[in-house]
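**Student:** Pasting a predicted model and its sequence here:
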Amino acid sequence: MRTVNIIVEGPTEEEFVNSLIGPYLSGFGIINAVPIPIETSPGHYGGDIRYEKYRANASNLLVSDPTCIVTSLIDFYELRKDFPGYTAALALPFRNNSVQLIEQEISNDLNNPRMIPYIQLHEFEGLLFSDIKGFQTYFPKITNHIQYVINRYPNPEMINDGAATAPSVRLKDTFTIIPKKYVKPFHGPMIALENGIAPILAKCPRFKNWIDTIIAKATAQ
């Protein structure tokens, strides 16, 4: 079975891969899904990824194992402008198309059929709004506010990327009701694990298509 190397932004996505994506893929016989955090500066991980770092990581992984699948889990929200196709992507009217264009440009640049570029629309936190369960379990006082967002966006991937309305911003603002500070590396995976991957796959078509593509390539003979 091929190794699936998943380039991630930082510890939050790393834990998400280890706790949810990896176990789900293991149900298809893929027992070696490995998150690869990108070092953004010496000794630091998380966000602000330069494309040259992303490209170098992907290229090295593809060369080091000629059978592995390489993919990524990074956010479109606050993506750096040095990613290929970025300027043209922002000119498109729909952000779903913007992300697809950048992914295609990455694929063209790396030019390897074992590479599956994936950019989360709009960011990891959007996936948390797939279910209310995790919030009910750990933060019952904010469930009404979270439920309002869930009801408004049947597809959590469409929660927009504005500076005041991005999923992470909504969470940070909502947490002040408790009051508690939203700490992404801690609270994000905790809520996601309680929700489980099933509601994410059911409500987030881009995410589901990505997972299905990984399974298809990793299990192909």
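**Tutor:** Sure, I can see it. Please read all numbers here as calculations on a predicted model, not as lab measurements.
**Student:** which ones are touching residue 29?
**Tutor:** By C-beta atoms under 8 Å, 6 or more residues apart in numbering, the contact list for residue 29 reads 1, 219. For glycine as for every other residue, the C-beta is placed from the backbone atoms N, C-alpha and C.
**Student:** Please read the previous query as pertaining to residue 1.
**Tutor:** Residue 1 touches 29-32, 218-219, counting by C-beta under 8 Å, 6+ apart.
**Student:** Can you tell me which of these end up in helices?
**Tutor:** Using DSSP state H, the members of the contacts of residue 1 that fall in helices are 218-219.
**Student:** burial measure for the nearest residue to residue 194 once chain neighbours are set aside, as a count.
**Tutor:** Nearest non-adjacent residue to residue 194, counting by C-beta to C-beta, 6 or more residues apart in numbering: residue 134, 3.7 Å away. The number of residues packed near residue 134 is 24, by other C-beta atoms under 10 Å.
**Student:** ok, now the one 4 residues further on?
**Tutor:** Each residue near residue 138 was counted by other C-beta under 10 Å, and the total is 12.
**Student:** Ok, residue 50 next?
**Tutor:** Neighbours of residue 50 (other C-beta under 10 Å): 14.
**Student:** is it true that it touches residue 80?
**Tutor:** Yes: in this structure, residue 50 is within contact of residue 80 by C-beta atoms under 8 Å, at 6.0 Å.
**Student:** shared neighbours, the two?
**Tutor:** Joint contacts of residue 50 and residue 80 (C-beta under 8 Å, 6+ apart) do not exist.
**Student:** chain center to the helix or strand containing the residue nearest to residue 194: distance?
**Tutor:** In this assignment (DSSP states H and E), residue 134 forms part of helix 133-138. With C-alpha atoms, centre = their mean, to the nearest Å as the basis, helix 133-138 stands 21 Å off its chain's centre.
**Student:** from the contacts of residue 1, which would you call buried?
**Tutor:** 30, 218 (16 or more other C-beta atoms under 10 Å).
**Student:** Residue 107: which of the contacts of residue 1 is nearest?
**Tutor:** residue 218 (17.0 Å; C-beta to C-beta).
**Student:** right, and the closest one touches residue 25 too?
**Tutor:** Yes: with contacts counted by C-beta under 8 Å, residue 218 reaches residue 25, the gap being 7.5 Å.
**Student:** Which elements pack onto whichever strand or helix holds residue 206?
**Tutor:** Per DSSP H and E, residue 206 falls inside helix 205-219. Contact partners of helix 205-219 among helices and strands, from 3 or more C-beta pairs under 8 Å, 6 or more residues apart in numbering; DSSP states H and E: helix 22-26, strand 69-75, strand 115-116, helix 198-203.
**Student:** Include mean pLDDT when you put the ones you listed into JSON lines, please.
**Tutor:** Below are these laid out as JSON lines (pLDDT from 0 to 100):
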{"stretch": "helix 22-26", "mean pLDDT": "97"}
{"stretch": "strand 69-75", "mean pLDDT": "97"}
{"stretch": "strand 115-116", "mean pLDDT": "98"}
{"stretch": "helix 198-203", "mean pLDDT": "98"}
